[in-house]
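K.L.:
Turn this into a model:
(one chain, ligands or ions: 1)
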Amino acid sequence: MNKIPDIASLEKVFFDEVLDLTTKISDEWPNIEQVGAGKTICLLFWEPSTRTKLSFEHAAKKLGFNVLDFSPENSSLKKGESFEDTILTLLAMQVDGFIIRHPEDNISKKITSMLPENVFYINAGDGNYAHPTQAMLDVYTMKEKFDDLSSLKLTILGDVNHSRVIPSQLELLKKYSSKDINFLGPESLISKNFSPSYSEVSEDFLVDRDILYILRIQKERFKDDDGIDETQFIENFQVNEKFLKNTGFKGFLMHPGPMNIGAEITRDIAHSKNSLVLRQVENGLYLRAALLSLIL
Ligand code: CP
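P.N.:
Numbers count the residues shown, from 1 in each chain. Model (predicted):
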């Protein structure tokens, strides 16, 4: 398998291999095998990114890849070249693999079918559809704390509807037999597809949960009728000292980033001892190195 458009199209055995290699690379970092020597990858990011783009770049360089950084803003797309012709042009330059983030839902399927068999591809986030490497690094981080994910108690809080991380994460957690997953936030941000969901918290509501996975409000993906009262959201759902005390939550906090400090979470909680946020970022580096090693 050398194309990763989403989670659903891949077998669990592949993820087992990725997670095992992530541990090996984490143990060996920074002295990892130069398996990418002589190969060229191209990063194409149509949307902003800090974690995904730079961890892929850092991992690829450590593996010995030559890395091309395609910037849509400074490319011939600005002169009217199409997406398809851009990819064909890069293929003609003998690029061996592509890492692509794009705002269009499900463009990863189209890209997968466009590319020759010997060229690898990893979806770095497409629209609301998928963010498979974020899901993999999240599940890796969860497994570091709870090896048997079948008994994990996970609550996902915030803007589930506009998240591309959550569909991928739910697909992957299903492969690891996780069943106790619920959702918390305003009804306008959590559709009926995500169940069970709760729009109110009561005392000790989260007392038995292992992980609280927090999402920012992703306004850049809102449609005209997606209204949200942010003041009300902060009042009811911001993860702060008072919220943790009231809900009795004592587990680990995760967030895919970027965090909006002062909105869905406060700074002291984001960097508290139970926060795995920076561990997620670090694991993302090792996991992307593992993935690149397996699919080249
Ligand atoms: N989680 C995530 O995709 O972060 P970036 O947008 O910074 O890559």
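
K.L.:
Which pLDDT value does the model give the closest residue to Asp105 other than its chain neighbours?
P.N.:
Among residues not flanking Asp105 along the chain, Gly127 sits closest, at 3.3 Å (Cβ to Cβ, 6 or more residues apart in numbering). All C-beta atoms are positioned from the backbone trio N, CA, C, and that covers glycine. Looking at Gly127, its pLDDT reads 92.

K.L.:
Give me the neighbour count for Gly127.
P.N.:
Neighbour count for Gly127, taken as other Cβ atoms under 10 Å: 18.

K.L.:
where does the stretch 151-296 of the chain dip in pLDDT?
P.N.:
In the predicted model, the stretch 151-296 of the chain carries pLDDT under 70 at residues 225.

K.L.:
Pick out the residue in the stretch 101-250 of the chain sitting closest to the ligand.
P.N.:
Closest approach between the stretch 101-250 of the chain and the ligand, counting by Cβ to the nearest ligand atom: Gln134, at 5.2 Å.

K.L.:
my guess is Ile122 contacts Ile295, does it?
P.N.:
Yes: between Ile122 and Ile295 there is a contact under Cβ atoms under 8 Å: 7.2 Å.

K.L.:
list residues touching both of the two?
P.N.:
4, 97 (Cβ atoms under 8 Å, 6 or more residues apart in numbering).

K.L.:
Looking at those two, which is more packed in?
P.N.:
Ile122 (24 against 16).

K.L.:
Does anything pack onto the top helix by length along the chain? Which helices or strands?
P.N.:
Secondary structure of the chain per DSSP state H: the longest helix is helix 277-295. If you count contacts as 3 or more Cβ pairs under 8 Å, 6 or more residues apart in numbering; DSSP states H and E, helix 277-295 packs onto strand 3-4, helix 12-28, helix 51-62, strand 120-126, helix 132-145, strand 252-254.

K.L.:
That helix: which residues count as buried?
P.N.:
For helix 277-295, burial by neighbour count (16 or more other Cβ atoms under 10 Å) applies to 277, 279-281, 283-295.

K.L.:
Next: stretch 266-274.
P.N.:
Residues of stretch 266-274 classed as buried: 266, 269-270 (neighbour count, 16+ other Cβ under 10 Å).

K.L.:
and which of these is nearest the ligand?
P.N.:
Ala270 (14.2 Å).

K.L.:
so who does that closest one touch?
P.N.:
253, 255, 259, 261, 277.

K.L.:
separation between it and Ile261?
P.N.:
Per Cβ to Cβ, to the nearest Å, Ala270 is found 6 Å from Ile261.

K.L.:
neighbours of the nearest residue to Arg216 once chain neighbours are set aside, just the number please.
P.N.:
The shortest distance from Arg216 to any non-neighbouring residue, by Cβ to Cβ, 6+ apart, is to Asn260 (4.7 Å). As a burial measure, Asn260 scores 13 neighbours (other Cβ under 10 Å).

K.L.:
circling back to that earlier point, widest-spaced pair of the contacts of Ala270?
P.N.:
Leu253 and Ile261 (13.2 Å; Cβ to Cβ).

K.L.:
which residues sit in contact with the residue lying closest to His58 once chain neighbours are set aside?
P.N.:
Leaving out its chain neighbours, the residue that sits closest to His58 by Cβ to Cβ, 6+ apart is Leu285, at 6.0 Å. When contacts are counted by Cβ under 8 Å, 6+ apart, Leu285 touches 29, 55, 58-59.

K.L.:
domains in the protein, as residue ranges please.
P.N.:
3-130+281-294, 133-276 (automatic domain parsing).

K.L.:
quick one: pLDDT of the spatially most distant residue from the centre of the chain?
P.N.:
If you look at how far each residue of the chain sits from its centre, by Cα atoms, centre = their mean, the farthest one is Lys79, at 31.8 Å. On pLDDT, Lys79 comes in at 97.

K.L.:
repeat for the one 4 residues further on
P.N.:
Reading off the per-residue confidence, Phe83 sits at a pLDDT of 96.
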